[in-house]
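Undergrad: one predicted model, sequence on top.
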Amino acid sequence: MVVRVANMIIKTAYEKRYAIVLEGLCRKPADNMIKRIRDKQLRHRIFQASFKGVQRAIEEKAKELGVPVIYVNPKNISKLCPVHGALITYGNGSRICRCSKGEELWHRDVAACWNLLFKALQDDGSNAPSSVGHLPLDESPVLLGSTTTHDPHNPT
């Protein structure tokens, strides 16, 4: 399954001449993820997940086809508004919240995808505007995602 997913990602990147952006994970990413989780079953499932295995599969296939892989620092990647750089605070296990500055609604995963892209384009991980010119980007920040306006409460 992991190899199949990696192949889909790399095939799309190769055909569209894109780079792959990945989070620069530490040696044991599951250890950091389970620190604040109290549910035993969820802790076990996270610990069993092969985050590094997925990255390795993507890296190997990307190397075969010459697709560039860019690693970015994942710190606060889903906690900052991609538009304003302001804090987004998620409460009660919600994955959707408002930007503290511009009041836009953001899904945690969508905000993370945009921030990964922006960090990769800036290549220093800062919040400074990128000097990169126009790049051919899909309108959707996620694989097979919708290309419509992001509004989690009013799907179109």
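TA: Noted; the coordinates are in hand.
Undergrad: give the contact list for the nearest residue to Ser50 once chain neighbours are set aside.
TA: Leaving aside its sequence neighbours, Ser50 sits nearest to Val2 (Cβ to Cβ, 6 or more residues apart in numbering; 6.7 Å). Using the backbone N, CA and C atoms, a C-beta is placed for each residue, glycine as well. Val2 sits next to 50, 53-54, 57 when contact means Cβ atoms under 8 Å, 6 or more residues apart in numbering.
Undergrad: any chance of those in JSON lines, plus pLDDT and distance to Ala6?
TA: Shown next, in JSON lines, are the contacts of Val2 (pLDDT from 0 to 100; distance: Cβ to Cβ, whole Å):
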{"residue": "Ser50", "pLDDT": "71", "distance to Ala6": "12"}
{"residue": "Gly53", "pLDDT": "79", "distance to Ala6": "10"}
{"residue": "Val54", "pLDDT": "83", "distance to Ala6": "7"}
{"residue": "Ala57", "pLDDT": "89", "distance to Ala6": "4"}
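Undergrad: closest one of the residues you listed to Leu22?
TA: Val54 (9.1 Å; Cβ to Cβ).
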